[in-house]
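**Q** what shape does this take:
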Amino acid sequence: MKHSEIIKRFKFLPGYLRDKFFTAGSNGVIYIVEDNGWVIKEDGEYIAQAVSSRGLSSSLDTMPIFYARKILHFGSLNTYCTKTARMVDRTNKIVVSVWHGDFGISDDMDKKINYVLDSQHLIDCLVVSTSIMEKRFKKWGFPESKLVRIPGGIDPRYFYQYPQQQRLAIRQELKIPKEAIVIGSFQKDGQGWGEGLEPKLIKGPDVFVEAVAELAKKHNIHCLLTGRARGFVKRQLEQKGVPYSHLNLDKALQVAKYYNALDMYIVASREEGGPKAIPESMATGVPLISTRVGIAPDAIIDGENGFIVDVEDVQGIVKAAEKILHNKELTQKIVSNALDTARDYNWEVIVERYLDLYLELQNE
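**A** Now for the predicted structure:
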């Protein structure tokens, strides 16, 4: 569509909407997020700020319509699979991020994946965060030339290893017994945004509880939980007699402090698009055990910088935890190697990959 035709088509719009066409000029990046506090909004803010500082104008919005001649980056399946997303002007370049998903998880997920596959001719680039998703989309017939793998990033200004004295002070602040072995779980794993008594099984809260309860038979375990909708895990831990602390944090980045209170972190999920807990644990010096989901196969070398087990393998999680608890030399090696791995996930590194992608699209 010619520039003059765009002006003619939308000359009836209010001024603030017309301005959207010209703000940031042609080929500016508009990162589309959901109107809530989900992690894609945080990611969008990092990407927009960093890209703008490198000379390519960028901003966030929840509405993709009324833009033309821009790079519209939909931050998730949810933002792309909407009625308004189908109304975008065809002069825009379309980028879609898909963090996780597979057929058979839910009817809603099936519909969204099928919509992406059916509209692949409209998508200029599909960004996936893991090799698992990259393989799935190739298998489903999405053009390999349009696939780019970029994982989520973490901010090294917040996620770093505190000195031992400071780590002990955080435990004292939380009134956690000195002799306790503190296991972390910082993800939302209940349905909805309330108490979360109904488990979100895709996040493996049942697997997590079973594993820590097994460990608690031999060790003085204390679980540190953050996040909303943790009711199922809390109730199950209470029933099994495993003590825990639960913190509701105002801002996502506040969680960095509490990694530094942990002896280990367990990811027990059945499906993930990250999780960010993997590089966050690594960056804060926390030994990590993860099921084979999300970026785990990309980031973890089993027994070298963490431990990786099959989905639903409770005994595998328990055995890995026992190694962390009983082999100090191995644990020190894992922590040291993981700190090196975490550098690959710093936002400073990740945003350069986004900038390269945007510049390539801009020059096509």
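
**Q** in a helix, that's where residue 256 is, yeah?
**A** Yes. Under DSSP: H, G, I helix; E, B strand; the rest coil, residue 256 falls within a helix.

**Q** am I right that it is in contact with residue 159?
**A** Yes. The criterion here is C-beta atoms under 8 Å, and residue 256 meets it with residue 159 at 4.8 Å. Every residue, glycine included, has its C-beta placed from N, CA and C.

**Q** which of those two has more residues huddled nearby?
**A** Per other C-beta atoms under 10 Å, whichever of residue 256 and residue 159 has more neighbours is residue 159, with 23 against 19.

**Q** residues shared between the contacts of residue 256 and residue 159?
**A** Shared contacts of residue 256 and residue 159, defined by C-beta atoms under 8 Å, 6 or more residues apart in numbering, are found at 280, 284.

**Q** how much space between the nearest residue to residue 267 once chain neighbours are set aside and residue 201?
**A** Nearest residue to residue 267 in three dimensions, chain neighbours excluded: residue 290, at 3.9 Å (C-beta to C-beta, 6 or more residues apart in numbering). Per C-beta to C-beta, to the nearest Å, residue 290 is found 17 Å from residue 201.

**Q** neighbour count winner among those two?
**A** Neighbours per residue (other C-beta under 10 Å) separate residue 290 from residue 201, with residue 290 holding more: 28 against 15.

**Q** can you give the domain ranges for this protein?
**A** Domain assignment for the chain by automatic domain parsing gives 3-153+347-362, 164-345.

**Q** quick one: the strands in the stretch 151-300 of the chain, in order.
**A** Ranges of strands in the stretch 151-300 of the chain, per DSSP state E, counting those that start in this stretch, are 181-185, 221-226, 244-247, 264-267, 288-291.

**Q** want to throw the ones you listed into TSV with distance to residue 197 and mean pLDDT?
**A** Output for the strands of the stretch 151-300 of the chain, formatted as TSV (distance: least, C-beta to C-beta, whole Å; pLDDT from 0 to 100):
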stretch	distance to residue 197	mean pLDDT
strand 181-185	16	98
strand 221-226	14	97
strand 244-247	14	96
strand 264-267	21	98
strand 288-291	23	98
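
**Q** now render these as TSV, adding distance to residue 320.
**A** Shown next, in TSV, are the strands of the stretch 151-300 of the chain (distance: least, C-beta to C-beta, whole Å):
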stretch	distance to residue 320
strand 181-185	12
strand 221-226	15
strand 244-247	20
strand 264-267	9
strand 288-291	5
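
**Q** so which of the ones you listed gets nearest residue 102?
**A** Closest approach to residue 102 among the strands of the stretch 151-300 of the chain is made by strand 288-291 (14.6 Å; C-beta to C-beta).

**Q** quick one: strands adjacent to the closest one?
**A** Strand 288-291 pairs in its sheet with strand 264-267 (parallel), strand 307-309 (parallel), by DSSP bridges.

**Q** roughly how far is it from the heart of the chain?
**A** Chain-centre distance of strand 288-291: 15 Å, with C-alpha atoms, centre = their mean, to the nearest Å.
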